[in-house]
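heads up, no residue letters with this:
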C-alpha cells in the first residue's frame, strides 16, 4: 500500500496506479491527482456543466440530508433474482440507486428508491431512463445534459453535486460546500454521498460487474464468473474509498456487500437474508 501527501490531502495508490483521495478529512483544497478524461472528452464535460448550470438546479450540499443507514443499489450480478428482497427493508434505510437499477425498479409499490444517483456524462446514460418511476435525482454537474433535461420533465427534484476537480482540468463554475470524489464511478459517488449524509452503516447491493461464462476480452474471477479489465479498476477504486472510510478515526463505519466477485478488503460479505440484521446490529 502506497500513501502520499500532496498539499492538504492524502492519497492511496491503487494497484492500477490511480490515486484515491482521503475524502473523510477536511481539506482546504479539493484535488483529484488523476486525469480521468482524455482531451477528446473534455469538450463534452464542459458542455454538460455549462448547460446544467443554466437549468438552475440546487446543490446537494445546500440540503440538510442525513441518513445513518445507506444501501447503494446497482443492477449487477443477480440483481433481478435478489431485488424483491429490497421491498422488505425498513424505511430508515436510505436506498441510493445507480446505473440500470432505476429502469429495472418494479417494486415501487412496496419500497421507494430514496435517490437515483448518476454521473454519466455521455448519451449512453439515456438507456437508464425508466418509463414511469422518477424519484429524487442526485447528479454530478458533469452528467449528460440531455438526461437531466428529460428527467426534469418528469421530476423537478434534481440536485447537483460537484465532483472533485483535477489539477489541470477544473470544470466547476459553481459554488459548493463540498466535493465528491467519484472517479467517473457511481459507486464511488454513492460512498462519498453516504459519508456526507453521516452514514455509519453502508451496504453495496449488486454493485459488481461480473457475469457467467467467458466473453472476448474478459478475465476469470472465480469458478465460472468473469469480468472485464475496466471493472477490475472500478473494484480497486471502490475498495480504496472504503479504506478511507474504515480508517476514519472520528467515525465508526460498518460496510457490507453481497458481491460474489473480487474480494473487498474493506468490506464484509453478507448474504441477502442477513442484510436487515446488518443494519440493526450496533
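Sure thing, it's come through. Note that the structure is predicted; figures quoted are calculated from it, not measured.

is it true that residue 230 lies in a helix?
Yes - Residue 230 sits within a helix when classified using DSSP: H, G, I helix; E, B strand; the rest coil.

ok, it to residue 5 distance?
When Cβ to Cβ, to the nearest Å is applied, the distance between residue 230 and residue 5 equals 29 Å. Bear in mind the C-beta positions are built from the backbone N, C-alpha and C, glycine included.

and if you look at residue 255?
The spacing between residue 255 and residue 5, counted by Cβ to Cβ, is 25 Å.

out of these two, which sits in the more crowded spot?
Neighbours per residue, other Cβ atoms under 10 Å: of residue 255 and residue 5, the larger number sits with residue 255, 22 against 9.

need the contact list for that one.
Under the criterion of Cβ atoms under 8 Å, 6 or more residues apart in numbering, the contact list for residue 255 reads 201-204, 242, 245-246, 264, 266-268.

give me phi/psi at the nearest residue to residue 13 once chain neighbours are set aside?
Excluding the flanking residues, the one nearest residue 13 by Cβ to Cβ, 6 or more residues apart in numbering is residue 2, at 4.3 Å. Note on residue 2: its backbone torsions stand at phi -120, psi 120 [degrees, to the nearest 10].

just residue 268 next, same as before
In this entry, residue 268 is assigned phi and psi values of phi -100, psi 140 (degrees, to the nearest 10).

From the contact counts, what lies against the helix or strand of the chain with the lowest mean pLDDT?
Ranked by mean pLDDT, DSSP states H and E, the helix or strand of the chain with the weakest confidence is helix 39-54, at a mean of 89. For helix 39-54, the packing partners by 3 or more Cβ pairs under 8 Å, 6 or more residues apart in numbering; DSSP states H and E come out as helix 145-154.

how distant is the helix it packs on from the center of its chain?
Taking the mean of its C-alpha atoms, helix 145-154 sits 20 Å from the chain's own mean (Cα atoms, centre = their mean, to the nearest Å).

Toward the C-terminus from it, list the very next helix or strand.
Note on helix 145-154: by DSSP states H and E, the next helix or strand toward the C-terminus is strand 158-163.

Listing partners with orientation, what would you give for that next one?
Partners of strand 158-163 in the sheet, by DSSP bridges, are strand 58-59 (parallel), strand 137-140 (parallel), strand 179-180 (parallel).

contacting residues for the residue lying closest to residue 234 once chain neighbours are set aside?
Nearest-residue entry for residue 234: residue 185, 5.5 Å, with adjacent residues in sequence omitted and distances by Cβ to Cβ, 6+ apart. When contacts are counted by Cβ under 8 Å, 6+ apart, residue 185 is found next to 119, 234, 237-238.

Tell me the one of those nearest residue 71?
The shortest approach to residue 71 among these belongs to residue 238, at 14.8 Å (Cβ to Cβ).

mind checking how far that closest one is from residue 112?
When Cβ to Cβ is applied, the distance between residue 238 and residue 112 equals 25 Å.

Those two: who's more crowded?
residue 238 (27 against 14).

quick one: the more buried one is in a helix?
Yes - membership of residue 238 in a helix is supported by three-state DSSP.

which residues of the stretch 101-250 of the chain score low on pLDDT?
Low-confidence segments of the stretch 101-250 of the chain (pLDDT under 70): 108-109, 170-175.

what are the ranges of the helices in it?
Under the criterion DSSP state H, counting those that start in this stretch, the stretch 101-250 of the chain carries helices at the ranges 145-154, 186-196, 229-247.

I would like the residues contacting the longest one, please.
Contacts to helix 229-247, defined as Cβ under 8 Å, 6+ apart, come from residues 12, 14-16, 18, 20-24, 181, 183, 185, 187-188, 191-192, 195, 202, 204, 207-210, 217, 219, 253, 255, 261-262, 264-267.

6 Å - rerun?
Under the contact criterion Cβ atoms under 6 Å, 6 or more residues apart in numbering, helix 229-247 has outside partners 12, 14-16, 20, 22, 24, 183, 185, 187-188, 191, 209, 253, 255, 262, 264-267.

Tell me what angle that helix forms with helix 186-196.
Computed by axes from the mean of the first three to the mean of the last three Cα atoms, to 10 degrees, the angle separating helix 229-247 from helix 186-196 equals 10 degrees.

what comes up buried for helix 229-247?
Of the residues in helix 229-247, those buried by neighbour count under the rule 16 or more other Cβ atoms under 10 Å are 231-245.

number of nearby residues for residue 64?
Based on other Cβ under 10 Å, the number of other residues close to residue 64 is 4.
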